[in-house]
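S.K.: Sequence first, then the predicted structure, then my questions.
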Amino acid sequence: MATAARIGLGITALAMALATTLPPAALAQDQARTEERLTPCPVEGGCPVEGGFYRILLPARAAIGPPRGAIMYFHGWQGSAEEVMADQGLVAVARRLGVALIVPDGMGRTWSYPGSPGHHRDEFAFIGHVLDDVAQRFPIDPGRILASGFSQGASMVWNLACRMPARFAAFAPIAGAFWEPLPQDCIGPIPNLIHVHGTSDTTVPIAGRPLRSGYKQGDLFRSLAVLAPGCTSAWADEVRKAPRPEGLTCRLATDCPGPARLELCLHGGGHMADPAWVERAWKLAMPPEKPTAAAGARLTFP
């Protein structure tokens, strides 16, 4: 915390010094670059925690403003945090929303959730360490973090929604669900979750598939039945009878107990991810920001 305070003071002093010599646009750009340079994590390897590393990109003015929300994104099989940070589409989404982008690094370029071929570490303990470290180092609101990911990273998100629902405000997995054997049940209550999947996906089919190694990807509808019992029982038949969607077609569960938003969105494509789907999930599922003291009764948004 002391480090963060020194960073904030240093950036404030720099802004005051430059204000008399630079136009507003140039000042804002210089300040944003300064904040990113002063992020207290190594450029090589990212931020170390017990069990591994993560990378983070802070929004402009994060060091001197109120706490911001964040997207924690999980890469797919054989991916890396560094590759995710190079995804300009995802970075642009975080910029537009005014939130941080947090990217954990999978050990062995994979994730070791239940049913996964990876057995490198306790992923739930690792993500707990990442969340704790982020809260200590950066001005991030722990109540406004969205977990999203693609493919095997999406399966990691499903497991977090099942085992650690209280550590995230919402979940947005893309093209991946539980693996076999599916959990018998999940920690309640039902979380905010918006899942996107392609009906022509043959890499991670909606029905799942066995792999040569003996492992098996799980069925999406059976996964939904575990996460939210009774809420989506008719969806499998509805999807089988419906024509292949051309764009993104979404179903919202209406019979679930509690206020959570549970939504299934399908498209006619294959194994793919679009950063726009993460942005949509944030806008729909993320609780609004709490008003600041200076804002009175008005809600403020990133």
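M.R.: All right, it came through fine. Numbers count the residues shown, from 1 in each chain.

S.K.: can you give me the strands for this protein?
M.R.: Using DSSP state E, the strands of the chain run over residues 47-49, 52-57, 68-74, 100-104, 140-150, 170-174, 193-198, 249-252, 262-267.

S.K.: Now do the buried residues in the fourth one.
M.R.: Residues A100, L101, I102, V103, P104 are the ones in strand 100-104 that count as buried (16 or more other CB atoms under 10 Å). (Glycine included, C-beta is placed from N, CA and C.)

S.K.: In the stretch 201-302 of the chain, where is pLDDT below threshold?
M.R.: Residue ranges of the stretch 201-302 of the chain with pLDDT under 70: 290-302.

S.K.: what about the helices in the protein?
M.R.: For the chain, applying DSSP state H gives helices covering 2-19, 24-37, 81-85, 88-97, 123-137, 152-163, 220-227, 235-241, 275-285.

S.K.: Lowest mean pLDDT across those helices, which one is that?
M.R.: Comparing mean pLDDT across the helices of the chain, the lowest value falls on helix 2-19: a mean of 38.

S.K.: Now do the contacts for G268.
M.R.: G198, T199, S200, R244, P245, E246 (CB atoms under 8 Å, 6 or more residues apart in numbering).

S.K.: Pull out the buried members of the residues you listed.
M.R.: Looks like those have G198, T199, P245 buried, using 16+ other CB under 10 Å.

S.K.: how near is A100 to K283?
M.R.: 17 Å (CB to CB, to the nearest Å).

S.K.: quick one: contacts for G128?
M.R.: M164, R167.

S.K.: what comes up buried for stretch 103-120?
M.R.: 103-107, 109-116, 118, 120.

S.K.: can you give me how far that stretch is from the chain middle?
M.R.: 16 Å (CA atoms, centre = their mean, to the nearest Å).

S.K.: Check stretch 275-290 too.
M.R.: The answer for stretch 275-290 is 10 Å, by CA atoms, centre = their mean.

S.K.: Contacts for that stretch, please.
M.R.: Where contact means CB under 8 Å, 6+ apart, the residues beyond stretch 275-290 that reach it are 69, 71, 73, 87, 89-90, 92-93, 96-97, 99, 141, 143-144, 146, 148, 169-172, 174, 192-194, 196, 248, 261, 263, 265, 299-302.

S.K.: in the stretch 51-200 of the chain, which ranges drop under the pLDDT threshold?
M.R.: Confidence mapping of the stretch 51-200 of the chain against pLDDT under 70 gives the ranges 62-64.

S.K.: Just confirm A154 contacts W77, I think it does.
M.R.: No - with contact defined as CB atoms under 8 Å, A154 does not count as touching W77 (10.7 Å).

S.K.: Mind checking which of these two has more residues around it?
M.R.: For A154 and W77, the more surrounded residue by other CB atoms under 10 Å is A154, and the numbers stand at 27 against 20.

S.K.: how many neighbours does the nearest residue to the more buried one once chain neighbours are set aside have?
M.R.: Residue nearest to A154 in three dimensions, not counting chain neighbours: G176, with 3.0 Å by CB to CB, 6 or more residues apart in numbering. By other CB under 10 Å, the residues close to G176 number 31.

S.K.: Buried residues, stretch 48-63. List them.
M.R.: For stretch 48-63, a neighbour-count test (16+ other CB under 10 Å) marks 49, 51-59, 61-63 as buried.

S.K.: Tabulate these (CSV), appending distance to L227.
M.R.: Below are the buried residues of stretch 48-63 laid out as CSV (distance: CB to CB, whole Å):
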residue, distance to L227
V49, 27
G51, 25
G52, 26
F53, 29
Y54, 25
R55, 28
I56, 28
L57, 30
L58, 31
P59, 31
R61, 37
A62, 32
A63, 37
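
S.K.: Now the two most distant members of those.
M.R.: G51 and R61 (31.2 Å; CB to CB).

S.K.: Contacts only, for the closest residue in space to E180 that isn't next to it in sequence.
M.R.: Among residues not flanking E180 along the chain, K216 sits closest, at 4.0 Å (CB to CB, 6+ apart). Counting by CB under 8 Å, 6+ apart, K216 touches G115, W179, E180, G208, R209, P210.
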